[in-house]
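Engineer: Okay, structure incoming, though there's no sequence with it:
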């Protein structure tokens, strides 16, 4: 297995591939990731997403890639009962997440506004999609952030690009992984689950056939806003960083965008929502970690789903 590492999407990107074409595949996958980040980043004024956010109140033509991610987002918004909601961008901004995480860690967050209460904004499913013309209507007052689901989508599609040059490959983008094929002589992949209380330690090693493994955590993307510790996982019901009994949720699923949406939904919703959502969506499996380092699975047993 050959490896290649670089930084994009405010995350360390690690790619692994087998086969004589691995080096060329790494370059092709990196080019795809960097072009996709330019399209989806809310932190770049020139991005397609920033243009869409500025075009609220009118029909806007978008690329097939952006249309696909928005379409998936609407599907998962409905499937999670609104716990996954890309229209929480104004709430993220009120919490101080106005610049990229790399910049926040250096410069700190903007002060909290005098009024922290969420404003009245249109529900995400009032977004309208014109499939025939690849157009989107973003209602006035709506601003969207596709950070997590876009990262998952990018990781999966970059792995597909890399797979054209290799016999087996995987891409890790922060908490998002996607694997294609099997390493030589193995029937699957070993994936270490990080301890959210101490990122230098692993809690368990999962055995994965192929597909997506995505982890969402309230312990990683954090910053201080005044005297308060804030994190990026906004509960759409309150407009505030989520109060949850779990520190992280890991989802195993066929697709990374699906895993991203449900990792956030289960982490925000906690055990009760996780029980319901996993019964209704059998393509996903989850493993949660609580503040004591205990592992929870879909039956709410404190034991791993896979080991």
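Structural biologist: Done, it's in. Given the structure is predicted, the values throughout are model-derived calculations rather than measurements.
Engineer: Poorly predicted segments of the stretch 51-200 of the chain, please.
Structural biologist: Residues of the stretch 51-200 of the chain that meet the criterion pLDDT under 70 lie in 105, 108, 112, 114-120.
Engineer: Run through the helices of it in chain order.
Structural biologist: Taking DSSP state H, counting those that start in this stretch to define them, one finds helices in the stretch 51-200 of the chain at 64-79, 89-94, 101-107, 147-163.
Engineer: I'd like the ones you listed written out as JSON lines, with distance to residue 190 and mean neighbour count added.
Structural biologist: (Each C-beta comes from the backbone N, C-alpha and C, glycine too.) Below are the helices of the stretch 51-200 of the chain laid out as JSON lines (distance: least, C-beta to C-beta, whole Å; neighbours: other C-beta atoms under 10 Å):
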{"stretch": "helix 64-79", "distance to residue 190": "28", "mean neighbour count": "18"}
{"stretch": "helix 89-94", "distance to residue 190": "34", "mean neighbour count": "20"}
{"stretch": "helix 101-107", "distance to residue 190": "28", "mean neighbour count": "14"}
{"stretch": "helix 147-163", "distance to residue 190": "17", "mean neighbour count": "25"}
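Engineer: can you list those helices in a markdown table and add distance to residue 35?
Structural biologist: Formatted as a markdown table, those follow (distance: least, C-beta to C-beta, whole Å):
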| stretch | distance to residue 35 |
| --- | --- |
| helix 64-79 | 9 |
| helix 89-94 | 23 |
| helix 101-107 | 19 |
| helix 147-163 | 9 |
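Engineer: mind checking which of those is nearest residue 237?
Structural biologist: Residue 237 lies closest, by C-beta to C-beta, to one member of those: helix 89-94, at 10.7 Å.
Engineer: which strands and helices sit next to that closest one?
Structural biologist: When contacts are defined as 3 or more C-beta pairs under 8 Å, 6 or more residues apart in numbering; DSSP states H and E, helix 89-94 packs onto no helix or strand at all.
Engineer: Between helix 147-163 and the longest helix anywhere in the chain, find me the angle.
Structural biologist: In the chain, with assignment by DSSP state H, the single longest helix is helix 256-280. Angle, helix 256-280 to helix 147-163, by axes from the mean of the first three to the mean of the last three C-alpha atoms, to 10 degrees: 120 degrees.
Engineer: C-terminal to helix 256-280, what's the next element?
Structural biologist: Sequence-wise, the next helix or strand downstream of helix 256-280 (DSSP states H and E) is strand 285-290.
Engineer: quick one: strands adjacent to that next one?
Structural biologist: Here strand 285-290 is paired, per DSSP bridges, with strand 246-253 (antiparallel), strand 295-296 (antiparallel).
Engineer: Among the ones you listed, show the one with the smallest mean pLDDT.
Structural biologist: The minimum mean pLDDT among those belongs to strand 295-296 (a mean of 90).
Engineer: thinking again about what came up before, tilt between the longest helix of the chain and helix 64-79?
Structural biologist: 20 degrees.
Engineer: Any buried residues in helix 256-280, and which?
Structural biologist: 256-270, 273-274, 277-278 (16 or more other C-beta atoms under 10 Å).
Engineer: In the chain, where's the longest strand?
Structural biologist: Longest strand of the chain, by residue count under DSSP state E: strand 198-208.
Engineer: Contacts for the helix or strand following that strand next, please.
Structural biologist: Helices and strands here follow DSSP H and E; after strand 198-208, the next one along the chain is strand 211-217. For strand 211-217, the external contacting residues (C-beta atoms under 8 Å, 6 or more residues apart in numbering) are 148, 152, 155-156, 175-179, 191, 193-194, 196, 206, 233, 247-256, 258-260, 263-264, 267.
Engineer: Does anything pack onto the longest helix of the chain? Which helices or strands?
Structural biologist: helix 64-79, helix 147-163, strand 176-180, strand 211-217, strand 246-253, strand 285-290.
Engineer: average model confidence for it?
Structural biologist: Mean predicted lDDT for helix 256-280 stands at 94.
Engineer: next one: stretch 42-49
Structural biologist: Stretch 42-49 comes out at a mean pLDDT of 95.
Engineer: ok so, going back, out of the helices of the stretch 51-200 of the chain, which comes closest to residue 3?
Structural biologist: helix 147-163 (11.8 Å).
Engineer: Lovely, talk soon.
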